[in-house]
Every structure is written in structure tokens, then in C-alpha cells.
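Novice: fold the following, please.
(2 chains)
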Amino acid sequence: MTVDAVIVGSGPGGATAAEVLTAGGWNVTIIEKGRNHLLDPDNLTQPSFDYSNDEIKFHSRHFLGPDPLVEPRTFRTEESDGDRVHVGEFNSLPTTVGGGGVHADGKVPRFRPDDFRILSRFGPQPGADVDDWPVDYGELEPYYAEVERAIGVAGTEGSNPFAAPRSGPFPMPSGAPMFGAVRSTAAAEKLGYHPYPAPSAVNSVPYDSRPACNNCGFCAFFGCPIHAKGDPISMLQRTMASGRAELLSETFVSRVRVEGRRATGVDVIGPDGAERFLAARHVIVAAGAIETPRLLLLSDFDHPLIGRYLMTHFQTITAGSMPYRTYGERGRAVTHVHDDMIVGDDASRAAAVEAGLPWIRGGLVEHSGGGLPIMEAKHMPWGSMHPEIMANSPIRRGLWAFIMQGEDLPYATNRVDLDPAVKDARGFPVARVTYKPGRHELVASAHYGPRLVAILEEMGAQWTASTSSPGTGNASLPEAIPESRHNMGTVRMGTDPATSVVDAAGRVHGLDNVVVADSSVFVTSAGYGPTLTLAALAARAAHLLV
Amino acid sequence: MPAWLTDEEYAVLSAACDCMIPASDAFPSASAAGVPDYIDRLLGAFTFDPPRIWAGGPTSGRYGGEAAFGHFHELTALDELAWRMRIEGSCGLPEREFNGPVIGFQQRYRTGLAELGSEFIALPAPDQEARLRALPEFAELLYGHACEGMYGAPEYGGNRNGIGWQAIGFDGDVQPRGWTDEEVTNP
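Specialist: Numbers count the residues shown, from 1 in each chain, chains lettered A, B, ... in the order given. Below is the predicted model of the structure:
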């Protein structure tokens, strides 16, 4: 049987495409490399309940995959490092049914109109290949609105003075503000910033047969035990209810087969290790910005830009210890954010001039509580001081933090290719990442870091500490490896086949029926989490097919 | 009786864990909280069926709901390969050496505990600490696991009755109760 489309990857991109295609009457097969812990195996229209408030399972033991022993990646900062300096994890997103949506804490901001036209709005940046996107905000707005409804997004219209225009209200009101965020937003406002309730794919009220969030606090890096997070279970449930979809989990796609201008289907390896060919009229690749270029390279796609322009967000992380409990363990991890450090001001323009750069852009600032106890303990010393330090809990009970998702510019040298020697357990070459931040990211972080510290001090911090991911000191491991869990830009979108791999519809240049539907296609990284934008692009790409 | 360690290794492990996380006032020692059992059950995960790698969900029963953490997940063939590589090492098996030999936790613990020596148990605390600091790679491995055993879910064998969480004022897994909006915003 030849299905209308095989969809490689079941994360937000693949799930969104699957819903749109099946609603349009197509029969699809969704192929997921990881396990299914999201949907009831006996009835894939219903949720499973495998997720839990268990730090060992989710943080220490790779429950959501990938396990770096059997599905490693390799890393180096630049070619002069040699073949690689690290084998294991690189900014891994879950390898599981639901993909990165499962572990995300659900902040789903839209980009702003400027984010799609960096080159024409701000001009070039030395060393970086910034460009305009082939789609603009106006074209994407209806799809943003569609995926906000599909996922279920809570937000407060009018709360962000910098927000992009909206065609309609948020599907849900914002949820309960975290105790610490009430204080951090007051401090930020006093210093002239404009914090607002984070647009969040976490139910504030029952939505789409899923319950309201009950604020358990195990949000970032955990699957939701009650499925109050809608991304992407909501799309997958409706897709499976359409009766037009099959979901193959624990199934690895090793090759997209191409004859002339058309893909004919994909080679897969199932859970039993057996190889077979799945014929399809279209191939939708939505495996994420590391695995998507890996698959195209394994398939001998030969565009020289495949894998180039990897962007991860340069995170500036500042934390302060408050003389009061911050209750960061209650609520949905991040309830408030601000955009001021994306928008910029006279001071940031002056900082750019001083550094000899044409401009700098920071990123969305997340107002965040502290960590969980195992994480805290691993950062603290062992020995006779351990009990007292843990009882006082400097980086959990009294901690408040800001994480800025700094815009990471596209550099051709930051890339994904196939490692020449390291393989996965199935015997295929793994993705090798070559990545280091550029001067723009370092200058922007150095400018905004002290301003975030000032907000913590306004909150009453007794001490503060600043760091970044990746680190800015020696490029030594593991600090040199980014941990944003945002990967973008490795299969760039554009109108010119010489400077881009896919067109504005996500279709691979030169092929009629291979579409990329994930954050690989991003031209620039904005300073916002990629989920809603990649889902909107996937919805648009799928609508253009049906 | 330990799941994987010998009785002598278990005794040295307990002393090493207590050197890293000693008792203090109301704060329990690592061994009182069951940390050595956590590590022993990790090393012996495959002596259980299903292997004790991932506790079940969605609730533990501590705040209502079923005691589902106790129902450990079945492993797939790929999961089992990964966890046998991690725990047992590659043991010269070709299917585990696609990227070269892997030294597992079992060998690292057996070697590390032997290097501490059976006399470690009776040493004064400063001498114990010096001996552990002389083995930095083993100490790092041990401390990471000690943190998991002290402050992780009790179903894995450590944090007995939540005693580690109580010592640091952490409420643990709170599903299905969660927190009310009032408890979040105005605690």
C-alpha cells in the first residue's frame, strides 16, 4: 500500500502536519524512532499515564530518550579540534512519541514581524549569514492562530506592549502566577521593563478533554502526568481519531529513497530489527534540526548547505538567592517573561557600537524558579558541610533566576554532518555537531547579563551569579556544549536554491514531494522558543499540500 | 542481602556514602536514608523483572492516587542494550562494542570499592575523606548516585520513607494533589 505521506518524527512539527493532512483526507504513516509513552497503546486516541514527578526517571535515566550510549551524537567546537572532542549528548530533545513537546515546559511565544526580516530591518552582521525569511509574519499569522487553538495556548492579550498583532484572542486565559514571578515582575517593572504572562501550552482551564494544570511543578524536562500540556498530544489524539493515520514507534528511518525528482518512500528498521521499505506519495521530514539533516545526509541528498547554520540560542543565566522562600517548585516552571531585551534600547545600541558591531539582539527573558533536589545536590559539595548546605538550600528554596534565550546568528561554520566513525546501535553514522557562539552572542550576553542581575538585586537578592550556556570562558567540556534544547536552522528555507535547501513551502529544492516540517528550516533563530513557529510553518506546509 | 554487591562491598559502600553525606542533627546519614540500597539496586537492576530502571507513573500514592511508581516499566530491546552497556559494560560482546569497549558501573564500583579497601570502614572521617578524594573519578560517580539515592523517589531503594526530602524541606512528588492556585501565588 502506498500512503499519501510518511511523516518522519512525531514531535510538534510532525504532529501538526499529521493533523492537517489527515483532516484534509490524506492517509499518513507517522514514524517515530523512540518509544510510545504518550498515547494508550491499546487505543491511540487516548493518553497514556507513564509520566510522573520522578527526577531520577526523567533527569538521570533518559526515560524520554535518546540514550547517549546507543544513540550518541558527537561534538567539536571547530574543525581544528579534530574529528570530535565529545561523544554522548548534544542538546538532546526527547526521542519519544511527542518529541520535544513532551519535555518542554510549554512556553509558546510567537515571533515578532522583525524576526522574519533581520537583514532588511537591521542589516548584515560580520561573519554571519543573516537573511530575511521567505515568509513574513502576516503570512504566518493565520497559522499561528490555528496552532494556538490546536495545542491550547493560555495567554493574556494586551499584556505585552511589544507583542505582534493577533487576529483573535488566546484560546485560554493565563494560569496562576508563581509567587516568585509576582516579585520578579514587580522588580522588573520598577526598572522599566515590561514583563507579561508567558503564552503557555499548559491548560489553565479544562481544554479539549484534557484537565487544567494542577501546578505540580515538575514541568520542564518532564512529561505531564495529567496531560495538561497540549503539545503535541492534542494534535496526535485528533490525528489518530481521524482513522487515517498509523503510528509506528520504535521505528528508525534510515533513508529517504529518491528517483528523479520524486521520493518514493522511506527505508525503515522496526522494533524487531527488520528492515523494510514504506512507499509513500510524499515524505514529510520532521525529525528536528539535528536528526533531519542527518537523515538527508544518510539519504545522499547533496545540497552543500544541508546541516549548515545550526543555531541553539545563547542562554544568559543569572540567579539570585533571596532572603525568602521563592516557592519555585510550585506552578508551571515559568509563568512570566519579558521581551525588552529582544527589542533593544539606546543602551544596547551603544553597546553594539562600542563593540564594533552593527547591532545586538538579546532574547526572551524567562522568570524562573530554582531546581530540583538531585540537581541541587549534584552542584553542592560532599562531606561534612553537605547536610547544612542542603538544608539551607541556596539554589532551590530561595533561588530566583532569569534565563535569556539570546538570538543565535547563523554561521556557516556551525553545522551538523555525519561523524566519520561513531555509529548508533543500528550501525548508522551519528550526527556530528560543530558549534561555537559568535562574537554577537557574547557581546549581547555581556550587555544584558548585568541588567538581569540588577532585577534580582531589586528583588532583594543576597547574592547573585551569572553564567551562560554554552560557557564563555575556556571552550572546555562540558561547558562548551549548549543546553538550550532549542536547535534550529540546519535545512535553511529560502527562495534561491543556491542559498537555501528548502523553499517557502518547506519543499526541498529540486524535489517535488519532500517537505521539511520542523525548526531545521529557520533562517534566523529570533530570541524566542521555536515550538509555535515551527508548528505554524508545519501547518502552513501541510495546508499547501492538501 | 544486597542485590548485586557482596556483603563486604556493601559495608564499604555504606561507609563511603556516609562520608559524603554524614548525619548532622536532624539530618539523616546516607546509609540511614538507604543510599547504599539505591546504588546496589542500580548495579543489580537486571536481577529484577522488569529491571528496576524506570519507576511507573503517574502517581506514587503519597499524595493520593495509586502507588504506581512501584510498577517498573518493561524495557525494549534497545533500552536493555543501553542499560546493560551502562551497568554491566560491553563485556567484549560485539553488539555492545559498536563504538569500542564500554566500562560499566559494576566494574567501576567493584574496582573503586576495592581501592578504598575493607579497612576504610574503620578509618577516622578525615582519613576516609582523603582516601575518597584520592579517587576523584570514582568519587564523582559515587556522589552523583548518592544524590539520586538521597533525594530521589523512594521506590528506587533510597530516600527511605522520604527522609531525604524531609531533611531539606522538599515535598516530593505531589500528583495528583498538586498545588492550588492560591498555594502557588500566595503561599
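
Novice: ok, the closest residue to chain A within chain B to residue A:53 distance?
Specialist: Closest approach of chain B to chain A (CB to the nearest CB) occurs at residue B:178, with a separation of 2.9 Å. All C-beta spots, glycine's among them, are computed from the backbone N, C-alpha and C. Noted for residue B:178: a distance of 9 Å to residue A:53, by CB to CB, to the nearest Å.

Novice: helix/strand/coil for the closest residue to residue A:451 other than its chain neighbours?
Specialist: Spatial nearest neighbour of residue A:451, excluding adjacent residues (CB to CB, 6 or more residues apart in numbering or on different chains): residue A:341 at 7.5 Å. Here residue A:341 is helix, with the state taken from DSSP: H, G, I helix; E, B strand; the rest coil.

Novice: hang on, the earlier thing: what about the residue of chain B closest to chain A, how many residues nearby?
Specialist: By the criterion of other CB atoms under 10 Å in any protein chain shown, residue B:178 has 23 neighbours.

Novice: same question, residue B:63
Specialist: Residue B:63, neighbours per other CB under 10 Å, totals 16.

Novice: pLDDT score for the closest residue to it other than its chain neighbours?
Specialist: Spatial nearest neighbour of residue B:63, chain neighbours left out: residue B:177 (4.0 Å); criterion: CB to CB, 6+ apart. If you check residue B:177, the pLDDT there is 98.

Novice: what do you get for residue A:477?
Specialist: pLDDT recorded at residue A:477 is 78.

Novice: that one touches residue A:84, doesn't it?
Specialist: No - contact criterion CB atoms under 8 Å: residue A:477 and residue A:84 do not qualify, at 10.9 Å.

Novice: more neighbours: which of these two?
Specialist: The residue with more neighbours, out of residue A:477 and residue A:84, is residue A:84; 18 against 13, by other CB under 10 Å.

Novice: against residue A:435, how distant is the more buried one?
Specialist: 12 Å.

Novice: what do those two both touch?
Specialist: residue A:75 (CB atoms under 8 Å, 6 or more residues apart in numbering or on different chains).

Novice: tell me the secondary structure for the closest residue to residue A:40 other than its chain neighbours?
Specialist: Using CB to CB, 6+ apart and skipping the chain neighbours, the partner closest in space to residue A:40 is residue A:46 (4.3 Å). Secondary structure, three-state DSSP: residue A:46 is strand.

Novice: and what of residue A:258?
Specialist: In three-state terms, and counting by three-state DSSP, residue A:258 is strand.

Novice: I figured it hits residue A:264, correct?
Specialist: Yes - using CB under 8 Å, residue A:258 is in contact with residue A:264, at 7.2 Å.

Novice: now residue A:507, nearest residue through space, not along the chain?
Specialist: Using CB to CB, 6+ apart, the nearest residue to residue A:507 is residue A:515, at 5.2 Å.

Novice: bridged to the one you found, which residues?
Specialist: residue A:284, residue A:507 (DSSP bridges).

Novice: so what sits against both of residue A:477 and residue A:84?
Specialist: Joint contacts of residue A:477 and residue A:84 (CB under 8 Å, 6+ apart) do not exist.

Novice: name all residues that make contact with the residue of chain A most remote from its centre.
Specialist: In terms of distance from the mean C-alpha position of chain A, residue A:384 ranks first, at 40.2 Å (CA atoms, centre = their mean). Shown in contact with residue A:384 (CB under 8 Å, 6+ apart): B:22, B:24, B:125.

Novice: among the residues you listed, name the ones in helices.
Specialist: residue B:125 (DSSP state H).

Novice: most neighbours, which of the contacts of residue A:384?
Specialist: Ranked by neighbour count (other CB under 10 Å), the contacts of residue A:384 have residue B:22 at the top, with 21 neighbours.

Novice: which element is the closest residue to chain B within the stretch 151-300 of chain A on?
Specialist: Closest to chain B within the stretch 151-300 of chain A is residue A:214: 2.9 Å, counting by CB to the nearest CB. Here residue A:214 is covered by no helix or strand, with elements defined by DSSP states H and E.

Novice: what is the neighbour count of it?
Specialist: By other CB under 10 Å, neighbour count at residue A:214 equals 21.

Novice: any idea which helix or strand comes after the helix ranked longest in chain B?
Specialist: Taking DSSP H as the criterion, chain B has its longest helix at helix B:136-151. With elements assigned by DSSP H and E, the helix or strand that comes after helix B:136-151 is helix B:163-168.

Novice: give the contact list for the nearest residue to residue B:68 once chain neighbours are set aside.
Specialist: Nearest residue to residue B:68 in three dimensions, chain neighbours excluded: residue B:56, at 4.5 Å (CB to CB, 6+ apart). Under the criterion of CB under 8 Å, 6+ apart, the contact list for residue B:56 reads A:50, A:52, B:68, B:69, B:70, B:71, B:72, B:73.

Novice: one more time with 6 Å
Specialist: Contact analysis of residue B:56 by CB atoms under 6 Å, 6 or more residues apart in numbering or on different chains lists B:68, B:69, B:71.

Novice: residue B:96 now?
Specialist: So residue B:96 contacts B:85, B:90 (CB under 6 Å, 6+ apart).

Novice: now with 7 Å, please.
Specialist: By CB atoms under 7 Å, 6 or more residues apart in numbering or on different chains, the contact set of residue B:96 is B:81, B:85, B:90, B:102.

Novice: can I get these in TSV including distance to chain A and pLDDT?
Specialist: TSV is the format used below for those (distance: CB to the nearest CB, whole Å; pLDDT from 0 to 100):
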residue	distance to chain A	pLDDT
B:81	6	98
B:85	5	98
B:90	10	98
B:102	7	98
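
Novice: sort out which of those residues are buried, if you could.
Specialist: Among the contacts of residue B:96, those scoring as buried are B:81, B:85, B:90, B:102 (criterion: 16 or more other CB atoms under 10 Å in any protein chain shown).

Novice: which of the residues you listed fall in helices?
Specialist: Short answer: those in helices (DSSP H) are B:81, B:85.

Novice: and the strands in chain B, which stretches?
Specialist: When assigned using DSSP state E, chain B turns out to have no strands.

Novice: how far away is the closest residue to residue A:91 other than its chain neighbours from residue A:106?
Specialist: Nearest in space to residue A:91, with sequence neighbours left out and distances taken as CB to CB, 6+ apart, is residue A:482 at 5.3 Å. Shown here: residue A:482 relative to residue A:106, a distance of 21 Å by CB to CB.

Novice: can you redo the contacts of residue A:384 as CSV with distance to residue B:171 and pLDDT?
Specialist: Output for the contacts of residue A:384, formatted as CSV (distance: CB to CB, whole Å; pLDDT from 0 to 100):
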residue, distance to residue B:171, pLDDT
B:22, 24, 98
B:24, 22, 95
B:125, 32, 94
